[in-house]
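Asker: give me the fold of what follows.
(one chain, ligands or ions: 1)
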Amino acid sequence: MRIDVVSIFPDYLAPLELSLPGKARGGGLLDLRVHDLRQWTHDRHHTTDDTPYGGGAGMVMRPEPWGEALDALATDTRPTVVVPTPSGARFIQAMAAELAEREHLVFACGRYEGIDQRVLDHLAETERVAEVREVSLGDYVLNGGEVAALAIIEAVVRLLPGFMGNPESLAEESHADGLLEYPVYTRPASWRGRDVPAVLLSGDHAAIAAWRHEQALQRTAERRPDLAHPSRLASGPSVGGAD
Ligand code: 6GU
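Answerer: Numbering: from 1, shown residues only. Below you'll find the model as predicted:
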């Protein structure tokens, strides 16, 4: 997979060199490049923003540098352009899985009040990109798209085939089946007077799977009632008692 990230604060993306994406880059799974938007400005002060038409607080990112940046990065790979913004569609695991199938992603990280809408409208119409996805992490406001791009990239890259040491852990983690994950335990069996639930020591794989499914349902109902569908309460574990 190829990923390009455009930002006026490219240093913000330095953590991508570390941790999971760093590992994927080393392994040749991922060709990731970070670009400074200011290289596509032509005025002495490398201006990327201006006051909003119609008035109001804050600044808007000018269309010209973004137009040139995306012209340069929308190669014959017809990338998907991801625009992190609090006014985007909610980013969820299903979208991470969808983006993990793409050959080329370009992240356009805006600051201030956002990017001139014509840039996105133009991109959506040009043949040179496959699609434009305006995406939000959740219902709160960050100062810019950089931190959101880090989160989205990490969520996508760990799904690339050959990336995870143990792909089975992908099937069992939170949100894989629409539920939060069950609680987990390791040695010692008793710690500060607290015992690991006995069923986990029983060796009865069917009982363990049933217990975990029950815990996942309970947790989801308590913490995320928005995810808990009454119809699920009747269904059994989606993964059997594999060890
Ligand atoms: Cl994707 N961008 C910004 N700037 N703020 C956000 C966000 C994204 N998601 C939640 N808040």
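
Asker: list, one by one, the residues from this structure near the ligand.
Answerer: Taking C-beta under 6 Å from any ligand atom as the criterion, the chain approaches the ligand at residues 84-86, 88, 135-138, 140-142, 144-145, 148. Every C-beta, even on glycine, is put in place using the N, C-alpha and C of the backbone.

Asker: among those, which ones are buried?
Answerer: The neighbour-count criterion (16 or more other C-beta atoms under 10 Å) marks Pro84, Thr85, Pro86, Gly88, Val135, Ser136, Leu137, Leu142, Gly144, Gly145, Ala148 among the residues of the chain next to the ligand as buried.

Asker: among those, name the ones in strands.
Answerer: Judged by DSSP state E, these include Pro84, Thr85, Pro86, Gly88, Val135, Ser136 as members of strands.

Asker: circling back to that earlier point, need the buried ones among the residues of the chain next to the ligand in TSV (columns: distance to Arg111 and pLDDT).
Answerer: Formatted as TSV, those follow (distance: C-beta to C-beta, whole Å; pLDDT from 0 to 100):
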residue	distance to Arg111	pLDDT
Pro84	11	98
Thr85	11	97
Pro86	12	96
Gly88	15	97
Val135	16	98
Ser136	16	98
Leu137	16	98
Leu142	10	96
Gly144	4	97
Gly145	8	98
Ala148	12	98
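
Asker: end to end, how far does stretch 51-61 reach?
Answerer: 9 Å (C-alpha to C-alpha, to the nearest Å).

Asker: average pLDDT across it?
Answerer: Per-region confidence: stretch 51-61 scores 97 on mean pLDDT.

Asker: buried sites along that stretch?
Answerer: In terms of neighbour count (16+ other C-beta under 10 Å), stretch 51-61 has its buried residues at Val60, Met61.

Asker: what's it in contact with?
Answerer: Thr48, Asp49, Asp50, Gly110, Arg111, Tyr112, Glu113, Gly114, Ile115, Asp116 (C-beta atoms under 8 Å, 6 or more residues apart in numbering).

Asker: so what's the fourth one up against?
Answerer: Gly110 sits next to Met61, Val83, Pro84, Thr85, Gly144, Gly145 when contact means C-beta under 8 Å, 6+ apart.

Asker: ok, what's across the strand from the second one?
Answerer: On DSSP bridges, the residues paired with Val83 through beta bridges are Glu134.

Asker: isn't it up against Gly144?
Answerer: No - in this structure, Val83 is not within contact of Gly144 by C-beta atoms under 8 Å, at 11.7 Å.

Asker: among the residues of the chain next to the ligand, which two are most distant?
Answerer: For the residues of the chain next to the ligand, the maximum inter-member distance is 15.4 Å, found between Gly138 and Gly144 (C-beta to C-beta).
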